[in-house]
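>>> mind folding the following:
(2 chains)
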Amino acid sequence: NAGVMQNPRHLVRRRGQEARLRCSPMKGHSHVYWYRQLPEEGLKFMVYLQKENIIDESGMPKERFSAEFPKEGPSILRIQQVVRGDSAAYFCASSSPPNYGYTFGSGTRLTVV
Amino acid sequence: KQEVTQIPAALSVPEGENLVLNCSFTDSAIYNLQWFRQDPGKGLTSLLLIQSSQREQTSGRLNASLDKSSGRSTLYIAASQPGDSATYLCAVIEGGATNKLIFGTGTLLAVQP
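This is a model prediction of the structure:
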C-alpha cells in the first residue's frame, strides 16, 4: 500500500500561471480532503470530495481555486492565475470511512515567483 | 465555530524526560480526535486516533487521552528521544456530513541529546 501519493513534491510557478496539484488516495479510500499550510500558520481545511462530487468547499477561496475527484484518476486541486500569496504547502488526506482516521500525503510545496 | 488550541507552543527538554502536550477544543461535539507529528518540510504522520467513545489510546511510548466533556486531550511521551523532535499537531474531527479535521496550532518539541 503506497499510501496517499501527491505530486509534484515541489512546484514553482510565475505569477499568473496555473498550478495543478494531484492526489491519489490510499487504495480503498473514497474520501479526499485538501488542506493548505501557509508559512508560519496552521493547517486549514479547503475542500472535501468524494468520487465525482464536491461535498464541502467552504474553505476554498471564492476565485481562482477549484477541485475535482473524477471517477477515474487522481483528485486535482487547480489554482488559476497564481499570486505570491498562494505560496504554501498543500496537503491531501484520504479516509474511508472517516471514523478510521486520516492518512496524509507528503504535500506539494508551491512557490510563486 | 470549533477552535483548537495547543499549549505550550514550543517546548525544549533534555533527552529521557517524560512530557505532556496539551490540546483543548471549544465544542465538545466532536467525532474523533487525532494526533499527528510533522517534521520540518515534511508531511503529517498519524500517531494516535481516539474515537469519541474512547478515553485513551497507547502506541509504544505514546499515550493520548481524551476528555470530551472538558474539551481536552493530552499526549504523553515517555522517555523522550532526540528523534521525537518535531511539531505535534492535535486535530478534532467534526461530526456531521463532512467529518473534516480542525487542526490546532501545534507544539514544537525539541529534545536535547
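
>>> center of chain A - which residue?
A:Trp34 (3.8 Å; CA atoms, centre = their mean).

>>> run through the bridge partners of that one.
A:Val47, A:Cys92 (DSSP bridges).

>>> give me the local confidence score for residue 47.
In the absence of a named chain, chain A is used. A:Val47 is assigned a predicted lDDT (pLDDT) of 96.

>>> hm, I was asking about chain B
B:Leu47 is given a pLDDT of 96.

>>> likewise the one 4 residues further on?
At B:Gln51, the predicted lDDT confidence score is 88.

>>> now do the strands in chain B.
Listed in chain order, the strands of chain B (DSSP state E) span B:4-7, B:10-14, B:19-25, B:30-38, B:44-51, B:56-59, B:62-67, B:72-77, B:86-94, B:101-103, B:107-112.

>>> what's next to the second one, contact-wise?
By CB atoms under 8 Å, 6 or more residues apart in numbering or on different chains, the residues outside strand B:10-14 that reach it are B:Leu19, B:Leu21, B:Ser80, B:Thr107, B:Leu108, B:Leu109, B:Ala110, B:Val111, B:Gln112. Glycine gets a C-beta too; all of them are placed from N, C-alpha and C.

>>> quick one: buried ones out of those?
Buried subset of those (neighbour count, 16 or more other CB atoms under 10 Å in any protein chain shown): B:Leu19, B:Leu21, B:Ser80, B:Thr107, B:Leu108, B:Leu109, B:Val111.

>>> can you say which two of these are spatially most distant?
Farthest pair in these (CB to CB) is B:Ser80 and B:Leu108. Separation: 13.8 Å.

>>> how close does A:Val113 get to chain B?
From A:Val113 across to chain B, the span is 19 Å (CB to the nearest CB, to the nearest Å).

>>> excluding covalently adjacent residues, which one is nearest to that residue?
Distances taken as CB to CB, 6 or more residues apart in numbering or on different chains put A:Arg14 closest to A:Val113, at 5.8 Å, once the chain neighbours are dropped.

>>> now do the phi/psi pair for that neighbour.
Dihedral pair for A:Arg14: phi -80, psi 150, per degrees, to the nearest 10.

>>> what pLDDT does it get?
98.

>>> quick check, the residue nearest to the centre of chain A in contact with A:Leu43.
No. With contact defined as CB atoms under 8 Å, A:Trp34 and A:Leu43 do not form a contacting pair (10.4 Å).

>>> overlap in contacts of these two?
A:Phe91.

>>> residue 17: how many residues sit nearby?
Here I'm looking at chain A. 14 (other CB atoms under 10 Å in any protein chain shown).

>>> um, chain B though
B:Glu17 has 13 nearby residues by other CB under 10 Å.

>>> what about the closest residue to it other than its chain neighbours, distance to B:Leu11?
Leaving aside its sequence neighbours, B:Glu17 sits nearest to B:Ser80 (CB to CB, 6+ apart; 5.3 Å). With distances taken as CB to CB, to the nearest Å, B:Ser80 is found 10 Å from B:Leu11.

>>> and what of B:Ser53?
30 Å.

>>> which of these two has more residues huddled nearby?
With neighbours defined as other CB under 10 Å, B:Ser53 and B:Leu11 compare such that B:Leu11 has more, 17 against 8.
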